[in-house]
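1. The following comprises the amino acid sequence and a computationally predicted model.
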Amino acid sequence: MDRKIVIALALLLVVVIAGGVLIALPTPTGNGNGNIPSRPFTSENINVSSPLPNASVAKTIIVRGEARGTWYFEASFPLEVLDKDGNSIAMSYATAQGEWMTTEFVPFEGEILVQNYSGPATLVLHKDNPSGLPEHDDSVSLPIVIQ
């Protein structure tokens, strides 16, 4: 019976030490810019899985997610990057990766290249609005940091 007690105490000691080490380890504090990356952006009409809000990104940004078919026109919608002062510094398009003539969510992917800028920025995904009527405008904005 003494052997069982020694083994139980040894196991308890290992668990206590492992718990102490895990508690003492530093917790992640973000992406180096003081902002903690959050969960993917979601809304009623569009979900952005990449990049995450507040993410630190390269100058070539891959944008992925899903949007309702009504967000697209001819299977695409505009992407834009704004600098910290709100000036447009890059434009591109995201393209539907499936049948877009629906009201359901359709996966999309796009690439946008930012040249000659580093620092805080905003990624804007615009609902395509070929009519130009303001009542059909919509967009979502995500804060990012360009390396």
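-> That came through fine. This structure is a prediction, so every number in the text was calculated from the model and none was measured.
2. C-alpha from now on. contacts and neighbour counts both.
-> Will do.
3. Where does pLDDT dip in this structure?
-> The model of the chain has pLDDT under 70 over residues 1, 12-16, 18-38.
4. just the strands in it please.
-> Applying DSSP state E to the chain gives strands spanning 41-42, 46-50, 56-57, 60-68, 76-82, 88-96, 105-113, 119-126, 139-146.
5. Now render these as CSV, adding mean neighbour count.
-> Putting those into CSV (neighbours: other C-alpha atoms under 10 Å) gives the following:
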stretch, mean neighbour count
strand 41-42, 16
strand 46-50, 19
strand 56-57, 20
strand 60-68, 19
strand 76-82, 21
strand 88-96, 18
strand 105-113, 19
strand 119-126, 20
strand 139-146, 19
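6. would you list those in TSV and tack on distance to Gly132?
-> Conversion of those to TSV gives the following (distance: least, C-alpha to C-alpha, whole Å):
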stretch	distance to Gly132
strand 41-42	25
strand 46-50	20
strand 56-57	31
strand 60-68	19
strand 76-82	13
strand 88-96	17
strand 105-113	22
strand 119-126	12
strand 139-146	14
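7. Can you tell me which of these is nearest to Ala10?
-> The minimum distance between Ala10 and the strands of the chain falls on strand 56-57, with 44.6 Å, by C-alpha to C-alpha.
8. Can you name every helix or strand that that closest one contacts?
-> Strand 56-57 makes packing contacts with strand 139-146 when contacts are defined by 3 or more C-alpha pairs under 8 Å, 6 or more residues apart in numbering; DSSP states H and E.
9. Okay, now the sheet partners of the strand it packs on, with direction.
-> Strand 139-146 sits in its sheet next to strand 56-57 (parallel), strand 119-126 (antiparallel), going by DSSP bridges.
10. And the ones you listed: which comes nearest Gly65?
-> Ranking the strands paired with strand 139-146 by their distance to Gly65 (criterion: C-alpha to C-alpha) puts strand 119-126 first, at 10.8 Å.
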